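# Predicted coordinates and the sequence they were generated for:
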Amino acid sequence: MSGKDFDGFVVVVTGGSTGLGRAIAVETASRGAAVVVINYASSQAEAEETGRLCEAQGAKAVLVQGDVGEDADCRRIAAAAEPFGRIDALFNNAGVTKFAPNHGDLDAVDAEDFLRLYKVNVVGAFQMVRAARALLEAAPQPGAVVNTASIAGVTGIGSSVPYAASKGAMNTMTLSLARGLAPNIRVNAICPGFIDTPWFGKAMADDTVSRMREGVIRSTPLKAASTAEDIAGAAVFLASPASRHVTGETLLVDAGTHLGFATMSMR
Ligand code: NAP
């Protein structure tokens with residue numbers, strides 16, 4: 001026994017190649033996870049790096065390519081944990097977006113955008129829970145599902161209307177599944193604000209991302225642009241023994257973004 005709170009855990013992280021998924025994978029490994037199943041869609045080299053980082057913490061890393069929007073892929077991802085007999089924690093972290101930040105421009109998005117985002121962000125998470133259910137129920141304590149939703153799904157801000165709607169759906173699904181799968185499985189979500197990950201650089205120029213980061217630092221109550229490591233601890237908390245009586249919760253992890261403008265300041 002290492003005395004760490006994830007000692008011997010079998011963990012599955014979707015979208016584990018980069019960003020928040022990588023930070024979650026490494027955090028669970030550093031807390032004693034025995035096995036970390038790392039799913040990626042296209043970033044194989046980055047997923048291999050996540051695997052190396054987990055193994056440096058003493059965990060066995062198992063890499064599985066797969067698109068969570070495809071049910072057969074979800075079953076393959078979950079099956080990678082089968083030799084270990086259980087899943088203690090499933091992190092549904094894979095996500096996609098479309099950037100159309102003017103939410104009043106209704107012609108900037110179309111039905112295909114909604115369907116593409118829902119397929120990964122909502123249906124993908126649902127399919128992963130369904131595929132992993134028996135192994136989550138085989139964990140010695142209630143298995144934990146942690147969904148990466150977003151502050152977009154609570155406040156309607158964010159990269160586009162379909163994205164915010166998909167994360168709102170994920171939050172509601174968290175409630176339904178928490179009720180439906182109790183007492184053997186806990187289901188919670190985190191709702192991050194801005195996280196400084198490859199997410200933005202995939203779609204924007206570096207100077208645009210820099211301006212956004214500076215704007216976030218100016219406008220958040222905590223005056224912070226969160227890194228993936230700043231957020232991962234909150235996700236991991238929801239899979240840890242410390243949250244054993246928490247289910248159906250959506251935890252805002254956004255440096256205070258949801259508080260909006262500060263109250264009157266005399267400085
Ligand atoms: P990221 O580094 O771009 O990570 C996104 C991950 O999702 C990648 O690992 C990607 O895998 C994976 N992915 C995308 N489509 C997939 C699919 N169909 N099947 C499996 N994996 C898929 O960005 P991130 O910021 O860490 O995003 C992680 C999560 O945080 C997402 O759910 C996102 O919505 C959420 N989030 C992000 C922010 C933010 O400000 N960055 C804020 C709130 C919430 P490949 O690279 O292999 O394609």
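Ah, there it is.

# Just the residues contacting the longest helix seen in the chain, thanks.
Counting residues, the longest helix found in the chain (DSSP state H) is helix 161-181. Contact with helix 161-181 is made by 97-98, 100, 103, 106, 109, 113-114, 117-118, 121-122, 125-126, 129, 133, 136, 145, 147, 149-150, 152-158, 185-189, 191, 247-248, 250, as judged by CB atoms under 8 Å, 6 or more residues apart in numbering. (Each C-beta comes from the backbone N, C-alpha and C, glycine too.)

# Can that helix be said to contact the ligand?
No - Helix 161-181 does not reach the ligand (CB under 6 Å from any ligand atom); its nearest approach is 6.8 Å.

# can you pull the buried residues of that helix?
161-171, 173-175, 177-178, 181 (16 or more other CB atoms under 10 Å).

# can you check stretch 138-155 too?
Neighbour-count burial for stretch 138-155 [16+ other CB under 10 Å]: 138-139, 142-155.

# so of those residues, which ones are in helices?
Judged by DSSP H, helices contain the following of the buried residues of stretch 138-155: 152-155.

# rewinding a little: among the contacts of helix 161-181, which are in reach of the ligand?
Among these, the ligand is touched by Ser150 when using CB under 6 Å from any ligand atom.

# Which elements pack onto the lengthiest strand in the chain?
Once the chain is assigned using DSSP state E, the strand that runs over the most residues is strand 185-192. Applying 3 or more CB pairs under 8 Å, 6 or more residues apart in numbering; DSSP states H and E, we find strand 185-192 packed against helix 125-137, strand 143-148, helix 161-181, helix 228-237, strand 250-253.

# ok, back up a step: what angle separates the longest helix of the chain from helix 125-137?
Orientation note: helix 161-181 sits at an angle of 30 degrees relative to helix 125-137 (axes from the mean of the first three to the mean of the last three CA atoms, to 10 degrees).

# average pLDDT for helix 161-181?
Averaged over helix 161-181, pLDDT sits at 98.

# where does this protein dip in pLDDT?
Counting by pLDDT under 70, the chain has low-confidence residues at 1-2, 261-267.

# ranges for the strands of it?
Along the chain, the segments classed as strands by DSSP E run 10-13, 35-40, 60-65, 89-92, 143-148, 185-192, 195-196, 226-227, 250-253.

# I figured Val145 was touching Val187, is that so?
Yes - counting by CB atoms under 8 Å, Val145 touches Val187, with 4.5 Å between them.

# Tell me the residues that contact both of these two, please.
Residues touching both Val145 and Val187 (CB under 8 Å, 6+ apart): 129, 177, 181.

# tell me the contacts of the closest residue to the ligand within the stretch 51-200 of the chain?
Nearest to the ligand in the stretch 51-200 of the chain, going by CB to the nearest ligand atom, is Gly95, at a distance of 2.2 Å. Counting by CB under 8 Å, 6+ apart, Gly95 touches 15, 120-121, 148.

# for Arg76, same thing?
Contact analysis of Arg76 by CB under 8 Å, 6+ apart lists 64, 66.

# and it, how far is that from Thr14?
Using CB to CB, to the nearest Å, Arg76 is found at 12 Å from Thr14.

# returning to what we had before: now list the buried members of the contacts of helix 161-181.
Buried, going by 16+ other CB under 10 Å: 97-98, 100, 109, 113-114, 117-118, 121-122, 125-126, 129, 133, 136, 145, 147, 149-150, 152-155, 157-158, 185-189, 191, 247, 250, out of the contacts of helix 161-181.

# ok, back up a step: now tabulate the helices and strands packed on strand 185-192 in a markdown table and tack on distance to Leu222.
Shown next, in a markdown table, are those (distance: least, CB to CB, whole Å):
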| stretch | distance to Leu222 |
| --- | --- |
| helix 125-137 | 28 |
| strand 143-148 | 20 |
| helix 161-181 | 21 |
| helix 228-237 | 10 |
| strand 250-253 | 11 |
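
# List the contacts of the longest strand of the chain.
20, 129, 133, 136-137, 142-151, 153-154, 167, 170-171, 174, 177-178, 181, 226, 231, 234-235, 238, 243-244, 246-254.

# Good, we can wrap up now.
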